Every structure is written in C-alpha cells, then in structure tokens.
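Student: this one's sequence-less:
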C-alpha cells in the first residue's frame, strides 16, 4: 500500500514537471538540460538500444530508436511512467530520467540514421509487403501503410516501423493487449492497434515484421 | 594486429614440447605431470581438438581450472567468436595474449566449429567460489541494474539466469575469479573492439558491484 502510494506520488510529480517543462520548451524553444547530462543519458540508452540507436538483440530484442518520430517516443516514455504501457525494465530505467530530459532524448534519437539491423527471414518479405500495402481483407485488417506511411516512416504520434527489429515487432503485436491496452484515453489512436494485432495470425505478424525490418 | 613484443613461433619451430612450454603455466604443468604420472588420459597431447583445451588448461572436464574459464556448456557461437578473436589478436587481455594467442594460432574455421559444438554439449557445474554473503546484492544488480548509477540490466542480454543466447555468453556458474578479472579488464580497456556494449557497460561498475556480480554468478546453476 505504501509502495503504491509512493509510486503514485512519484508519477504525479513526474507529470507535473513534464507538463511545466513542455510548456517552457514551447515558449522559448530551448530546454534547459545540460549537454553533459544529456550525453551521459544517451550513452546509457545506447548501451541497450545499440550503437546509434539501431536496436540490439540481447536475450530479448531491444527496439531501434533511430529515426523514430519524436512525438511518439516522448509519448511512450510518458506512457511507461504513468503505467499506461507496461514495461518493467523501462519503468525502472525511467525512474532516474528527469522529465525535462524526455524531449531532448526523443529528439536526439529521432535525428539518427542507422542501417537496419536485419536478420529476418528474407522469404517472408514479399508476403509482409503485401500485408503492409493492402491489409488483410478477410480479417478486416486495414493496410498498415494507411497510417504508418508508404516507407513506414510514421508521422507525429504514429511510429516509424522501418528498420525495426522483426522479433521486437512480433513480440509487440503478439502481446499487444497485455502491454499496451492499459486504461488509455478514448481518443488514443493507438487503440486501433489492439484490434489489428488481434486479427492478424502469427504467420502474418512474422511476415509483416520481416518486411519492415529491411526497410531503410 | 600482430604485436612486436610477442615472439611468434616460426613454421619450422613448433615442436610439441616447445608449444607446451609456451602454453602452460607452472601450476598447470604440475597438475599435468601428476596426471601423467597416474597415467591419465587427460594429459595426453594431441595436435588439436578438445583434448588440447581440457588437458592443458581448462580442466579435465572443461569445468575451468585455476585462471582458465569453464568452457563446458558455453554458447557455441560465443566460443567460436572468441576463438576467432584470439586468432586475430583482437581479444588482447594479458592471459589471452599469454596463452590463447598461441593456442589458436593454427586453428582453422572447421576446427573452431567442431570445438565449439563439442564444448557446448558438455554438462556444466557452477564454480561456487564467490562470497556467499554477496549473492543477494549480486542478483539484484544482475536483474535490475542500477538506474541511479546508469548501470544496465545484465539479464536483458545475458538472460534471467545468465544462460546466454547466440554469441552472448553464458555467465551463470562461471568462476568468481574469472568473472571478476574479466569485468575489471573490460574497464581497463582490454578487448576494446569487443561486441558492443560490454567495454562501456563494465566501466560503470564499482569494485563492490563487480565483487557482488561475480559472487552471485558463480553460484548460478
């Protein structure tokens, strides 16, 4: 009970700082984060997320951050901190990342260009491409491209999928409802992904993930 | 990458005897002589192969011996990658230079794979040579890292039981002595070309962190 109360208080404090930080940034366009602190935190991130944020395969796949949409990244950080997205590892890591650091970190990784890590089964790519471009009519799955864009680069809150580790994408789509469908606002566009993830078969998920992993 | 300070054997020189003198420490030599005296198979010298690893340095059952790490049950991709790194001298810590550079001098790719697969298939037992009182602290650090000190979670890459995967090594059950030395050497700049992210990750560990991690892992089955 104590721990829960403490956590709530922490989350509340974090949010308050985050909002005030964001407002300050909007007014001046500059965030007051020291270069040294930011560099140190970036190095901490890349120890798991790979050099240049290109992603890394450890015991579990760790997602690519390079070229990701900054608005999406910042939203994910906030969602983990508030408990709307469940990630034990990232929750623990983010307890020591100042909310004023969220946007500079998101912007930093969004500006990196890194070659895709690769490694997916190449013979799945053609099927994956078809699903991405046309959707799966019989399963009522819309074309991924409709939201994520032709090159899967994403925009604003819609994430870039190009070059993402295929095993990471498979994990996310296979566990969507347990990880992401925590109580979230009615108008959260990510809610439609719960339906998409549920309607795709395991092999369709693998195919589309393989296609995405090779996109530059 | 050949270092000028390291004398290399020429093609016409390496007799088995010369190779042995270079390969083995006094301690191991004593163990070998004892084994020879008892007529043990473990001390027999062969040109290449698993017997070389086990009879010279890594223990008769490849469970590790003195300073040499356990190879039994290690991930085959990891073993292969390390053998190549000894061979091309990119793994350059002192004991690697002293022993493994020679040992892998004439290794060919197919031998590397045979060795790696044979060693990986051997059953492994934990060294249990760490400090038991540090096991809990070590486990917490291994499983949670320390966000405060920007220390990453070991288990994310090495697996929840340190079991390793692909070319990421199994750490569970390796000896405290080996793990501790290895973690110290990362931070000292050896093997700097090694796979991201170990050289940098280890740099953030304190002496106490290393004691705890090495102690904990030495007891993991």
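Tutor: Here it is on my side, so go on. Quick caveat, the model's predicted, so the values are computed rather than measured.
Student: who does the helix or strand containing residue A:48 touch, helix- and strand-wise?
Tutor: Following DSSP states H and E, one finds residue A:48 within helix A:35-49. Packed against helix A:35-49, as judged by 3 or more CB pairs under 8 Å, 6 or more residues apart in numbering or on different chains; DSSP states H and E, are the following elements: helix A:99-110, helix B:198-203. Backbone N, C-alpha and C define where each C-beta goes, glycine included.
Student: and the angle for it with helix A:99-110?
Tutor: 60 degrees (axes from the mean of the first three to the mean of the last three CA atoms, to 10 degrees).
Student: Flag every buried residue along helix A:35-49.
Tutor: A:38, A:41-42, A:44-49 (16 or more other CB atoms under 10 Å in any protein chain shown).
Student: strands paired with whichever helix or strand comes after that helix, and their directions?
Tutor: Sequence order places strand A:56-57 as the next helix or strand after helix A:35-49, per DSSP H and E. Partners of strand A:56-57 in the sheet, by DSSP bridges, are strand A:61-62 (antiparallel).
Student: okay, residue A:208: pLDDT?
Tutor: In this prediction, residue A:208 carries a pLDDT score of 98.
Student: Tell me how many other residues surround whatever residue of chain A ends up closest to chain B.
Tutor: Nearest residue of chain A to chain B, counting by CB to the nearest CB: residue A:58, 3.1 Å away. Neighbourhood size, residue A:58 [other CB atoms under 10 Å in any protein chain shown]: 20.
Student: What residue, apart from its backbone neighbours, is nearest it spatially?
Tutor: residue B:157 (3.1 Å; CB to CB, 6 or more residues apart in numbering or on different chains).
Student: Looks to me like that neighbour is in a helix.
Tutor: Yes. The assignment for residue B:157 is a helix, going by DSSP: H, G, I helix; E, B strand; the rest coil.
Student: so it sits right up against residue A:59, yeah?
Tutor: Yes. In this structure, residue B:157 is within contact of residue A:59 by CB atoms under 8 Å, at 5.7 Å.
Student: of those two, who's got more company?
Tutor: Per other CB under 10 Å, whichever of residue B:157 and residue A:59 has more neighbours is residue B:157, with 23 against 19.
Student: that older thread, make JSON lines from the buried residues of helix A:35-49 and add pLDDT to it.
Tutor: Listed next are the buried residues of helix A:35-49 as JSON lines, based on pLDDT from 0 to 100:
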{"residue": "A:38", "pLDDT": "94"}
{"residue": "A:41", "pLDDT": "94"}
{"residue": "A:42", "pLDDT": "96"}
{"residue": "A:44", "pLDDT": "94"}
{"residue": "A:45", "pLDDT": "96"}
{"residue": "A:46", "pLDDT": "95"}
{"residue": "A:47", "pLDDT": "94"}
{"residue": "A:48", "pLDDT": "96"}
{"residue": "A:49", "pLDDT": "97"}
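Student: got TSV for the residues you listed, with distance to residue B:116 too?
Tutor: Output for the buried residues of helix A:35-49, formatted as TSV (distance: CB to CB, whole Å):
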residue	distance to residue B:116
A:38	42
A:41	38
A:42	36
A:44	33
A:45	33
A:46	29
A:47	27
A:48	27
A:49	29
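Student: Okay, now the unreliable bits of chain B?
Tutor: B:1-48 (pLDDT under 70).
Student: what residues are up against the spatially closest residue to residue A:160 that is not a sequence neighbour?
Tutor: In this structure, residue A:160 finds its nearest non-sequential neighbour in residue A:154, 3.9 Å apart by CB to CB, 6+ apart. Applying CB atoms under 8 Å, 6 or more residues apart in numbering or on different chains, we find residue A:154 in contact with A:68-69, A:72, A:148, A:160-161.
Student: Now the two most distant members of the residues you listed.
Tutor: A:68 and A:148 (12.0 Å; CB to CB).
Student: Please identify which of these two sits among more neighbours.
Tutor: residue A:68 (25 against 19).
Student: so the more buried one makes contact with residue A:111?
Tutor: No. Here residue A:68 does not reach residue A:111: they are 10.0 Å apart, not a contact under CB under 8 Å.
Student: ok, now how distant is the residue nearest to residue A:201 when sequence neighbours are not counted from residue A:120?
Tutor: In this structure, residue A:201 finds its nearest non-sequential neighbour in residue A:139, 7.7 Å apart by CB to CB, 6+ apart. Distance, residue A:139 to residue A:120, by CB to CB, to the nearest Å: 22 Å.
Student: Just want to know which of these two has more residues nearby.
Tutor: residue A:120 (23 against 13).
Student: Specify the local secondary structure of that one.
Tutor: Per three-state DSSP, residue A:120 ends up coil.
Student: Check whether it really touches residue A:213, as I assumed.
Tutor: Yes. Counting by CB under 8 Å, residue A:213 is a contact partner of residue A:120 at 4.3 Å.
Student: Please identify every residue contacting each of the two.
Tutor: Counting by CB under 8 Å, 6+ apart, the residues touching both residue A:120 and residue A:213 are residue A:166.
Student: any idea which helix or strand of chain A has the worst average confidence?
Tutor: Every helix and strand in chain A was compared by mean pLDDT, DSSP states H and E; the lowest is helix A:2-28, with a mean of 47.
Student: Quick one: name the residues of chain A near chain B.
Tutor: Contact residues, chain A versus chain B (CB under 8 Å from any CB of the partner chain): A:40-41, A:43-44, A:46-48, A:50-51, A:56-60, A:62, A:89, A:92-96.
Student: just to revisit the earlier point, ok, so of the buried residues of helix A:35-49, who is nearest residue B:99?
Tutor: Closest to residue B:99, out of all of the buried residues of helix A:35-49 and judged by CB to CB, is residue A:47, at 30.1 Å.
Student: Contacts only, for that closest one.
Tutor: B:152, B:197, B:200-201.
Student: Using the record's domain definitions, break the chain down for me.
Tutor: Chain wasn't specified; assuming chain A. A:2-26+A:34-110, A:122-214 (automatic domain parsing).
Student: please go with chain B instead
Tutor: Taken from automatic domain parsing, chain B resolves into B:16-121, B:132-218.
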